[in-house]
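1. Predicted model and sequence follow; I will ask about them next.
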Amino acid sequence: MMTCNELAAPVRSILTAARDRSQPDGTPLAVSPRSLPQAIRDAESDGRVPIVAEIKPTSPTTDGRRTDDPVELARAMIAGGATALSVLTEPDHFGGSPEALERVRQAVDVPVLRKDFILREEHLDVVAADLVLVIARFVDDLPGLVTAARDRGFQVLVEVHTREELRAALDAGARFVGINNRDLAALEVDLSTFEHVVGSTGDGGTANGLAAADNLTDRLADVTLVAESGVSTPDDVRRLRGAGADALLVGSAIMDGDVEANTRRLVEAGRPEDGRTDADPKARSTSEQGVDAA
Ligand SMILES: O=P(O)(O)OC[C@@H](O)[C@@H](O)c1c[nH]c2ccccc12
């Protein structure tokens, strides 16, 4: 885990607030999750790039705040072809709420990710969701928290930013890994983070020397990989799909302007009408589909 003074000031403030937020002292939740891998396969089978669209009213790196009803935003994202949704539940820095997630999850039938700063087991019991985010860098006992979340029925998306954190996530048994292109120390985005962390050169998923040496890339074979942050154009989508992303999590570029049109533009980035197709429709997803069909 990083020490606090290596983090950007807003992130330190978010973590302090998360530690102090009052938690329910009721019984652990039991959730029946909607499957993200199934939703991804459904999207791919009808030619949609799997996009996880994020309802993020504001953030430390965003100007202004969107005050629309989250359910209206969710419906627009679904109309634009989103495969799954992510809903911020952090109130103080992102304008989110557990109630917003609850209402959105009732209104749609795709998987919904709870985006928050979950540090301890009791933080899991605030609201039911299909997936829950756990940020490797902030958690002391990652295997313990991943197990606690999975025991409640959640699919657990473990967020990482480095290969070291990726190793910790895999060692903790993560089946869903989010690679955050945003550095929480500087709050800067660099899309090559994804390529570096998964050991892809970005030209079709070739393992580099480092990856071959530590065997990490092989361990990703049955992990669902989500590229997070900084995706704004169809070219970004194609680049990250080519590097092996099963899905892309997009917030700002969808929330800024016409949500439905913004979503559709990214969802359709793999279409031949664009004059191109995905650089590498992953060997892995093809074989997964083959297994499922068999
Ligand atoms: O708005 P962007 O750049 O598309 O990023 C979305 C998402 O990845 C980002 O909101 C995020 C990634 N990890 C987080 C952890 C907590 C809160 C928010 C986040």
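-> Perfect, I can see it now. Numbering: from 1, shown residues only.

2. Could you tell me how many residues sit around the closest residue to the ligand within the chain?
-> Per CB to the nearest ligand atom, residue 251 is where the chain lies closest to the ligand, at 2.9 Å. To be clear about C-beta, it is placed using only N, CA and C from the backbone, and glycine gets the same treatment. For residue 251, the count of nearby residues is 23 (other CB atoms under 10 Å).

3. again, but for residue 50
-> Residues contacting residue 50 under the criterion other CB under 10 Å number 28.

4. Quick check, it in contact with residue 111.
-> No. Between residue 50 and residue 111 no contact is recorded; they are 10.7 Å apart, counting by CB atoms under 8 Å.

5. which residues are in contact with both of these two?
-> 39, 84 (CB atoms under 8 Å, 6 or more residues apart in numbering).

6. Give me every residue in the stretch 151-294 of the chain lying close to the ligand.
-> 159, 180, 228-231, 249-253 (CB under 6 Å from any ligand atom).

7. can these go into JSON lines with extra columns for pLDDT and secondary structure?
-> Below are those laid out as JSON lines (pLDDT from 0 to 100; DSSP: H, G, I helix; E, B strand; the rest coil):
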{"residue": "159", "pLDDT": "98", "secondary structure": "strand"}
{"residue": "180", "pLDDT": "98", "secondary structure": "strand"}
{"residue": "228", "pLDDT": "98", "secondary structure": "strand"}
{"residue": "229", "pLDDT": "98", "secondary structure": "coil"}
{"residue": "230", "pLDDT": "97", "secondary structure": "coil"}
{"residue": "231", "pLDDT": "98", "secondary structure": "coil"}
{"residue": "249", "pLDDT": "98", "secondary structure": "strand"}
{"residue": "250", "pLDDT": "98", "secondary structure": "strand"}
{"residue": "251", "pLDDT": "97", "secondary structure": "coil"}
{"residue": "252", "pLDDT": "96", "secondary structure": "helix"}
{"residue": "253", "pLDDT": "97", "secondary structure": "helix"}
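
8. Separate out the buried members of those.
-> Neighbour counting by 16 or more other CB atoms under 10 Å classes 159, 180, 228-231, 249-253 among these as buried.

9. Nearest to residue 94 among those?
-> Of all those, residue 251 has the smallest distance to residue 94: 9.5 Å, by CB to CB.

10. chain center to the helix or strand where residue 39 lies, what's the gap?
-> Using DSSP states H and E, residue 39 maps to helix 36-45. Averaging C-alpha positions (CA atoms, centre = their mean, to the nearest Å) puts helix 36-45 15 Å from its chain's average.

11. neighbouring contacts of that helix?
-> Residues outside helix 36-45 that contact it (CB under 8 Å, 6+ apart) are 49-51, 81, 83-84, 110-111, 130-131, 155, 176, 224, 246-247, 267, 285, 288-289, 292.

12. Got a quick PyMOL command for the buried subset of those?
-> With 16+ other CB under 10 Å as the burial test, the buried ones among those are selected in PyMOL as follows:
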select buried, resi 49+50+51+81+83+84+110+111+130+131+155+176+224+246+247+267+285+288
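
13. Restricted to strands, list the contacts of helix 36-45.
-> Taking DSSP state E, the ones among the contacts of helix 36-45 that sit in strands are 51, 84, 131, 155, 176, 224, 247.

14. Could you identify the most distant pair in those?
-> Greatest spacing in those, by CB to CB: 51 and 155 (17.2 Å).
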